[in-house]
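**Q** Build me a model from this:
(one chain, ligands or ions: 1)
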Amino acid sequence: MPDTAILPQPATMPGTEPTPDAILQLGFAFWQSKTLLSAVELGLFTLLDEAGPLPAAAVGARLGLHPRALSDFLDALVALGMLGRDAAGRYGNTPATARYLVRSRPGYVGGMLEMANARLYPYWGRLTDGLRTGLPQNEIRDGQPGIFETLYADPAALEGFLQAMTGLSRPNARAMAEAFPWGEHASVADIGCAQGGCLAEILRAHPHLRGIGYDLPQVRPVFEDFARGQGLQDRMRFTAGDFFADPLPQAEVLVMGHILHDWDLEAKRMLLRKAHAALPPGGALVVYDAMIDDDRRENAFGLLMSLNMLVETPGGFDYTGSDCAGWMEEAGFRAVRVRHLQGPYAMAVGIR
Ligand SMILES: C[S@@+](CC[C@H](N)C(=O)[O-])C[C@H]1O[C@@H](n2cnc3c(N)ncnc32)[C@H](O)[C@@H]1O
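**A** Coordinates of the predicted model:
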């Protein structure tokens, strides 16, 4: 019997014709993204939080917008579910945009969207070139240093990036705080900790734990300010280091979130070996990323994140849970398990 799964499948069910709707919706999805990204760039959601619901003319006056497309812009955001409009024609935030897109709120995820707007949107316009050449399409292509060097040369851009990482990683940190047996360990070090958002979530949920944030030296002031702001300055401290050149810090658990995907396979393996060497016997490594499903069919976000690594880095790529487990075992970890965290994210845990 031939294997029917590998035979050409009929394109349609008998009696039905495919429509182009899904294709066109996907093809024009950038209209929606850019409308939202411009609203975040303009601070629209923050304005509506501070001023309360406003008519279009008042929004235009406060944000310096030309009247021509003002109502189209605001009503498009209503149609996309990003704003509400009351019977008097005043625009206001939805519960979700009030919570996640107002700059002063702790749940703000707009930092990542500000970066997506300023960097990724133009750089993704060169995706076809990246696919043809295998080369990054960000400032590296324009002869400048890469993402970290560029961000780290500008304190405001650095702070924005580190805060943005907290917005992106907080839901994973919450899931990790529940899913990992923290009660069996006394200390944790977050390797490439950014602002310290992930560490803070874990420490808050497990008051017996102490934490180290490990990152490049320029991150120290941002980390220490954040730790003070969280009231956790006595339980989380910063250790400066370059994970390519320096030893990793000593702790019973090491976390690497959004780290391995930035680098090529050789660097990924080196970092895993270094983590293994730094841990005490019985210590654990927790790796999290938007890990691709093993069959590489479902986790579109993870696959697109990997394309983003093409755009942003010389050799980075995302990977499946099985890939990660295999590399961890090669590095000497035992009892490696992969577990879903939330949304498109998963963690791989291995024991030294
Ligand atoms: C994509 S961010 C991930 C931040 C955080 N782990 C998270 O998931 O939210 C990568 C982090 O690695 C840090 N990093 C980059 N190169 C590094 C190096 N050579 N040594 C130590 N940290 C580095 C960056 O400063 C940044 O904070």
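**Q** For the closest residue to the ligand within the stretch 101-250 of the chain, give me its contacts.
**A** The minimum distance from the stretch 101-250 of the chain to the ligand, using C-beta to the nearest ligand atom, falls at residue 192 (2.9 Å). Any C-beta I mention is one placed from the backbone N, CA and C, and that applies to glycine too. Applying C-beta atoms under 8 Å, 6 or more residues apart in numbering, we find residue 192 in contact with 214-215, 243, 256-259.
**Q** can you check residue 150 too?
**A** Contacts of residue 150 by C-beta under 8 Å, 6+ apart are 139, 144, 157.
**Q** Make a PyMOL selection of the buried ones in these.
**A** Buried members of the contacts of residue 150, defined by 16 or more other C-beta atoms under 10 Å, are picked up in PyMOL with:
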select buried, resi 139
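**Q** out of everything not next to it in sequence, what's closest to residue 99?
**A** Sequence neighbours aside, residue 107 is the residue nearest to residue 99 in space, at 5.2 Å (criterion: C-beta to C-beta, 6 or more residues apart in numbering).
**Q** what about the helix or strand harbouring residue 223 and the ligand, any contact?
**A** Per DSSP states H and E, residue 223 falls inside helix 220-229. No: judged by C-beta under 6 Å from any ligand atom, helix 220-229 stays clear of the ligand, getting no closer than 9.3 Å.
**Q** Just the buried residues of that helix, please?
**A** Applying 16+ other C-beta under 10 Å to helix 220-229 flags 222-224, 226-227 as buried.
**Q** Name the next helix or strand following that helix along the chain.
**A** As assigned by DSSP H and E, the chain's next helix or strand after helix 220-229 is strand 236-240.
**Q** a markdown table please, covering the contacts of residue 150 and showing secondary structure, distance to the ligand and pLDDT.
**A** Below are those laid out as a markdown table (DSSP: H, G, I helix; E, B strand; the rest coil; distance: C-beta to the nearest ligand atom, whole Å; pLDDT from 0 to 100):
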| residue | secondary structure | distance to the ligand | pLDDT |
| --- | --- | --- | --- |
| 139 | coil | 16 | 89 |
| 144 | coil | 17 | 85 |
| 157 | helix | 12 | 82 |
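**Q** list the contacts for residue 113?
**A** Residue 113 touches 36-37, 40, 101, counting by C-beta under 8 Å, 6+ apart.
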